[in-house]
Each structure stands twice: as C-alpha cells, then as structure tokens.
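Visitor: the following comprises the amino acid sequence and a computationally predicted model.
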Number of protein chains: 2
Amino acid sequence: MKISVMGYGTVGSGVVEVIMMNNEQIVKNNCLDSLEISHILDLRDFPNLPFSDKFTKEFNDILNDDETKIVVETMGGLHPAYEFVKSCLQAGKSVCTSNKELVAAYGDELLKLAKEKDVNFLFEASVGGGIPIIRPIVKCLAGNKFNKVAGILNGTTNFILSKMIRDNMSLEEALKIAQENGYAEKDPTNDIEGHDACRKICILASLCFGDHIYPDEIKTEGITKISLSDVEYAKNCNRVIKLIGSAEKDENGKICAQVSPALISDASPLSAVNDVFNAIMVDGNAVDEVYFIGKGAGKLATASAVVGDVIDCAVNKGTIKNYFWNEHKSDVLVSSDDMPTALYIRGFASDKENAEKKIESVLGKVTYLKRENAPKDEIAFLTSCDIRKIQEEKIKSIDSLDIQSVIRLADY
Amino acid sequence: MKISVMGYGTVGSGVVEVIMMNNEQIVKNNCLDSLEISHILDLRDFPNLPFSDKFTKEFNDILNDDETKIVVETMGGLHPAYEFVKSCLQAGKSVCTSNKELVAAYGDELLKLAKEKDVNFLFEASVGGGIPIIRPIVKCLAGNKFNKVAGILNGTTNFILSKMIRDNMSLEEALKIAQENGYAEKDPTNDIEGHDACRKICILASLCFGDHIYPDEIKTEGITKISLSDVEYAKNCNRVIKLIGSAEKDENGKICAQVSPALISDASPLSAVNDVFNAIMVDGNAVDEVYFIGKGAGKLATASAVVGDVIDCAVNKGTIKNYFWNEHKSDVLVSSDDMPTALYIRGFASDKENAEKKIESVLGKVTYLKRENAPKDEIAFLTSCDIRKIQEEKIKSIDSLDIQSVIRLADY
C-alpha cells in the first residue's frame, strides 16, 4: 500500500517518522502487504534525509500516481489544502487530515464526495491531537443518542490558565512562557481568542448531532479578559476557570454550541486536566458521561492519530459506514444567549451597599464571593440559573456596578 | 439485520433496551435496512413484556436461525457461554460479548475461530463497561507500539477506596454501603481480591502486546489488607491508594503484568477517578499517555459498548482486521517480583530507634512518613526503587519490625 504526504511540517514529518519507526508492526498487525511512502509534497527543500528522493513540489505527482491510494494532508490552512483534498477524493484516493480548519469549513462537502467515490475522508487528528475521539464517537458509541459534547480543546489556553491557577501568574507572563516553550505561536490570536477551540467543537458537534455547523455561527469568547482576581474567586467557590467548547441539545432538539471560559466544579474530571493536556467529555443517552484525556498536540501524538486513520483506510475497502454528517441547515442552532445558565459576575461599586441592594432587586438571590486583599469596592457573586441574555441585560441595568467579568458556570 | 441475545440479565436487558430505544437513529446513521431482535435466550420466564414472544429456552433456536447473523452473549460465566459462543462462530455468526471471564480464558481461540469463519468476535464491553477502549487501542492507536497499559479496572473496589480516602470510612463499612447500593455482590471476593481487575488487565495486555495472557499467570492482590492508616500515610506523601491493574514491557521486551494496590501521585489523572468510575491509561510510543474515563459498569453503559460492537458487525462484511492476538506463549511474561519498584512499608517496632537503624542498614536511605495520632511503635516509610523480591527479603530480615503493609508506588 502506497501513501503520500502533503506538507512536511511538524505533523507531516511526524507521520513519516511513525510510519517508518513502527512499520513492521503496523504491516503485520493489520495484515497489509506493505505500507510505503511514495511522495512527500512540500515547497521547501529537504536535501539531507535518507528519503530526500521522495520529495516533490508538484501536486500532480501525487494526483497522477495510480499506486497512491491514500493521501495524508498535513499542510494546514484552507487553500490550497481544500483544492488538493478535493482533487484526491475525486481521483478515488482516500484522504486523512489533521487540518481542523479544513474539516470545520468543508467537512460536509468532503465527506459527501468521499462517499460518492467510495473512499474515505478521515480526520481523527483534527480534534484532541493523539486522543482517540472521532472513532470512539462514531463507532464505539454508535448505539447512543448524544446529549452533550464538551471539553478543553486547546492546549495553549489550558497551559496559560493552569499557570494562572497554580502559579498565580498573570495571563501576559503565562503567554510569554507558552511562547518560549513552543506551546503558543508568535501571533497567539487563534488560540487565546478561542478560534481554534471553536473549529474543534464544530467538528465534534457536527459528528454527534449530524448536521454541519460552521465556526462563524457560534459565539466564541477567548481567555483574554480573565484576571487573577477571577481565578481566585473561582478557587474560593471550589471551581476552576477553563476554556470550554461545548455543544448540547436543548429540550426542542436544537443545538446550543459555544466556546467560552467557564467556572467548572473542582470535582469534575475536567478540572484536573492541566498544562497542554486536552480533555473531551461525551454524554450519550446509554453510556452517560465518558472522558478522553491526553496531549492535544505535539508531533508524534498528532501523527499517531493520522496514522490510525491511514491504517483504517488501508484495511477497509470502500467508505467506512457512519463517518458522516449532513450538509449545513440554517435552523438547527439556538444561541447560547437564549439558554439558561448561572453566571459569575465581578465588578466595582463605589457605594457597595447600594449596589448590592440593586443587584438583589433585579437578580433576586445571589451568592457573594470573597477573596483575600480584595479592593474595597470590588463585588463578586454567582447568580442563579436563568436565560443568559436576560441576566446580562439585568446586570447592565445596575448603573452603580462597573462590570469587569461575566463568566458562565458549567457542570461537566 | 437480525440479532439474538443470550442472557437477559442486567447487561442483556440493557442491550435490548438500547437497541429498541435508539433504533431509528442506529439504522439511519449506519445505513442498515433494519436492526431487529429475533431471539432472547434465558431459562427464566418473562411473560409480561411487549416482546415476550421473542424469549426461548433453547439455544438451538438461535443457532439454527439462518437470519440471525449476530449473537450477543451476556450470560456471564464460562459454561455454557464458551460452548454457545463457539457454536455460533462455527455456524458463521458474529458474536459480541460483555463476558470478561470468557475473553480472558478463551480469547485467542475464539478470535482465531472468528477469523477462520470470516466473522467477528468483539468484546468492547468486557473492559471498562461503556468506556470506549478496545477499538481505540486496535484502531485509533494502531500506529503505536505500546509501552504500558494500566488502570482502575474495578468499580467496586474504587468505590470502597474512595469512601476510605474521602470519608475516612473503614473497609468493612465501605463494603457494606457498596453492597447496599448494588455496587458489590453478596460474595464480593471476585472484586475485592482483584480477580475481576485481573481478567481485564489480561484482555488489555493481550490486545496491546499481541499474545494471550491468562489470569492465573499474573500476581493478583486485592484491597483487603489496606487500612485507614495506610490511606492516611499515602495522603501525607501526596499520594492516593488505588487498585491498579497494569502491564508493561521491560527492557528485554517481556511483559510484566500485575494487579495490586498502588500509591499513585495525586497529580496523576487516575488519582481523581473516584467512586464506581473506571479509568484506563494507554502509553504508546507515538501518542504518549492517553486516558479513558467513565462508569465501568451499569446496565445501559455496558449495553452501549455491546451495541457499538453489534453495529460494527452489522456494517462490516467479514472479519474486522487487527482485532486479534496470538495464542498463549509460555515465555512472554516476567514476574512483578523481578521488576524494580519503590515500596511503601508500614509496621510496628517496640524498639523504634533500633529498627530504624536496621532498616537503613539493609535498605539504605528511606523516607519516613508521619501521621497524626499514630501509635508510638508504628513506623512507615518509602524505599527507593529496587527489584521487588530483593527488597521484600531485606525487609523481612528486619526482625525488630512487625510488617503490616507493603504497597508498591506507581507513576501513571
């Protein structure tokens, strides 16, 4: 069996490394004749590798090679990844990708095309790096109707929050250390503003609930507004702040998906997931809650997931059943603003007594929080559960309160 | 597609319930014509169910029904489960089982027979209840060579230990509550002596390392000797006691498998797994450590795993590649007694000063532990890492120390 790799960056080079390192076992365990890399597409030169002769700058060398039945896409970005993947599928080649941006933008179309051509479009590595999650959802949990899927989907922000929580480090300091360690990019926007987590929750939601959901449809909030005061207040009510991507069905069968910081209970398995680790919780109507935890990134870990997909393509003739979701529909989503949630609020009030009276008059009973050495005019409290936008309007109506933070509470 | 269920106990009735409850979605998502239950085998009568007409007391009704292509075995026990499963496979029917005793005893033989007949013998529910673990190992992580697999594999003992750790409850009290809640059987031997966990680690080890391992080959120790004093000493060195089943490759490629209590770090994801939850850690040479956590038992959760297998049999024509291990070989194992480990030791010594001198003269440097209100003659300490049986001999040579507990330290 011959495969080609498009993009020899971190993940692509990891795929080549894993296939070479574990080749004998992979071939034997999966009853393959062989598993060989025929071409590696990259615009850069790699002259001193033992397999330098496999590199090409021409996509057509892969497309026109009839012996290449499986193509790995680890280029990243939407273009030309989309065009290349589409051409490969049209030519009857299976594609395995780690490119979450591609899957979140074109998953429905590419899955449909793969099905038409009786080949596969697989993307285990697009969520949670090496953590097995896609196949467990579509295969092991195929007997379930899903209620909810949620998790810590971005290692960079989890690393930063862990530093804030455990080492009392400011967000800026923690980000700097993340960058120094290669956990955050020079321009960290995609991570810290939640866009990366958003793509991943879209993929998980599409998979669990069956209709394609686009990243720009769901409310996405990053971690840039989180302060150490918030971290401390959270600790004092036995919670921790995590960046959570979540999607759940409401009582009318509509899907509420969002990415936002959330105060989660320190008894939740997610609360113990620190540093660059990722965790995904899946809640099915038969299985209840199951958790998948591991490093969400890294060269060989992510490559492990891609190679698992490659092997599945190699051993299966034709499209693997139930890796599929339908094309986008306009009416499946409900906004997180319209869903009930309890909130954590922090703000300043020069006349505290007056502000507290007003808070209780508009919000009813709230739970005030304390922290050591808080400024005298700081107020922090938890509200009861109510529709988010109604609560936010009420809170804004309290003129005497200068609001600093609004974070949802979540139970996973 | 028609399936039959053998054994209408907790899991079997759960399988029937899940297939009926989620039928429409299962059929649609997996492109099946239908998924119907044709027969349910049980010696008891169930006269008042809407599907009472499907019950039979005759195994041959299932065996001779050509339309039944998939048989669920949820009878438990070795006989007649083994004979029935064998006959079904021989007749060209796939079998999905939750019966860990059967898989641990006859897995190699039944997998071989399934392969010969081009059908499947699947057992996702045999380890970790509803937690996806078998398919993630053989499929998602197929690109890895495995270094280690370990976990909290028995919910009953984890419930008891959680009560001891968090509520300072004695083992006897905790066991009583487990029995009252239906988490422990009247005769709890299989659980508290580690036999159940042993079968599960044998299945995981056979799967990860490729050769069948029998339960009676590996050292198995339960939780009956754990005292609240041990729990407290563990807490004071930032560890918790869990019953761990583990299997790992040593430097010569031999497998060391064991079931025993272990002191694990409270920073490990396993340390936060409480009550009846199970957790499995898999360590592959590409993916590093990944964790799978969920309820390890329960009617619908376990049924979820069985139904996932049923669906996989329904959508796949022929044997699914790489669900396989080789028959038993006599020389693949190395005893845990011959492996290096650090130990926690607790004992009594009337002449403490003298005993401590002797301890250090035979063991070298040890770390003494403290706890509040310890009896004056109690000594507890951690040893450094060395071959277990050498350490145990040395410890036994200390005449002045009356040993109460010896528990290994483990890093997962």
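Guide: Received, thanks. Numbers count the residues shown, from 1 in each chain, chains lettered A, B, ... in the order given.
Visitor: and the stretch 101-250 of chain A, which residues reach chain B?
Guide: A:124, A:130-132, A:135-136, A:139-145, A:210 (CB under 8 Å from any CB of the partner chain). The way it works is simple: take the backbone N, C-alpha and C, and place the C-beta from them, glycine included.
Visitor: okay, those in TSV with secondary structure next?
Guide: As requested, these are exported to TSV (DSSP: H, G, I helix; E, B strand; the rest coil):
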residue	secondary structure
A:Glu124	helix
A:Gly130	coil
A:Ile131	coil
A:Pro132	coil
A:Arg135	helix
A:Pro136	helix
A:Lys139	helix
A:Cys140	helix
A:Leu141	coil
A:Ala142	coil
A:Gly143	coil
A:Asn144	coil
A:Lys145	coil
A:Gly210	coil
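Visitor: and those, which two are furthest apart?
Guide: Using CB to CB, those span at most 27.6 Å, a distance reached by A:Gly130 and A:Lys145.
Visitor: ok and the residue in the stretch 251-400 of chain A nearest chain B?
Guide: A:Val307 (3.1 Å; CB to the nearest CB).
Visitor: over to that residue: give its phi and psi.
Guide: phi -70, psi -40 (degrees, to the nearest 10).
Visitor: identify the residues contacting it.
Guide: Neighbour list for A:Val307: A:Val15, A:Val18, A:Ile19, A:Asn22, A:Ile26, B:Ala142, B:Gly143, B:Ala286 [criterion: CB atoms under 8 Å, 6 or more residues apart in numbering or on different chains].
Visitor: how about the secondary structure of the first one?
Guide: Which is A:Val15. Secondary structure assignment for A:Val15 (three-state DSSP): helix.
Visitor: what about A:Gly130 and A:Lys145, which has more around it?
Guide: Using other CB atoms under 10 Å in any protein chain shown as the criterion, A:Gly130 and A:Lys145 rank with A:Gly130 on top: 33 against 18.
Visitor: get me the contact residues on the stretch 301-412 of chain A for chain B.
Guide: A:301, A:303-308, A:310-312, A:315, A:321-322, A:324.
Visitor: related to what we said a few turns ago, identify the farthest-apart pair in the contacts of A:Val307.
Guide: A:Val15 and B:Ala142 (13.4 Å).
Visitor: who has more neighbours, those two?
Guide: A:Val15 (32 against 25).
Visitor: that one contacts A:Val71, doesn't it?
Guide: No. Counting by CB atoms under 8 Å, A:Val15 sits too far from A:Val71 to count as a contact (11.2 Å).
Visitor: returning to what we had before: buried subset of the contacts of A:Val307?
Guide: A:Val15, A:Val18, A:Ile19, A:Asn22, A:Ile26, B:Ala142, B:Gly143, B:Ala286 (16 or more other CB atoms under 10 Å in any protein chain shown).
Visitor: between the residues you listed, which sits nearest A:Asn274?
Guide: Among the buried ones among the contacts of A:Val307, and counting by CB to CB, the member closest to A:Asn274 is B:Ala286, at 22.3 Å.
Visitor: which residues touch that closest one?
Guide: A:Gly14, A:Val18, A:Met21, A:Asn22, A:Gly130, A:Leu300, A:Ala301, A:Ala303, A:Ser304, A:Val307, B:Gly143, B:Asn144.
Visitor: the closest residue to it other than its chain neighbours: which element?
Guide: Excluding its sequence neighbours, the residue lying closest to B:Ala286 (CB to CB, 6 or more residues apart in numbering or on different chains) is A:Ser304, at 3.8 Å. A:Ser304 belongs to helix A:299-315 when assigned by DSSP states H and E.
Visitor: and the next helix or strand past that helix?
Guide: strand A:340-341.
Visitor: pull the residues that contact that next one.
Guide: For strand A:340-341, using CB under 8 Å, 6+ apart, the contacting residues are A:Cys385, A:Asp386, A:Ile387, A:Arg388, A:Gln391, A:Arg408, A:Leu409, A:Ala410.
Visitor: out of those, which end up buried?
Guide: Among the contacts of strand A:340-341, those classed as buried by 16+ other CB under 10 Å are A:Arg388, A:Gln391, A:Arg408, A:Leu409, A:Ala410.
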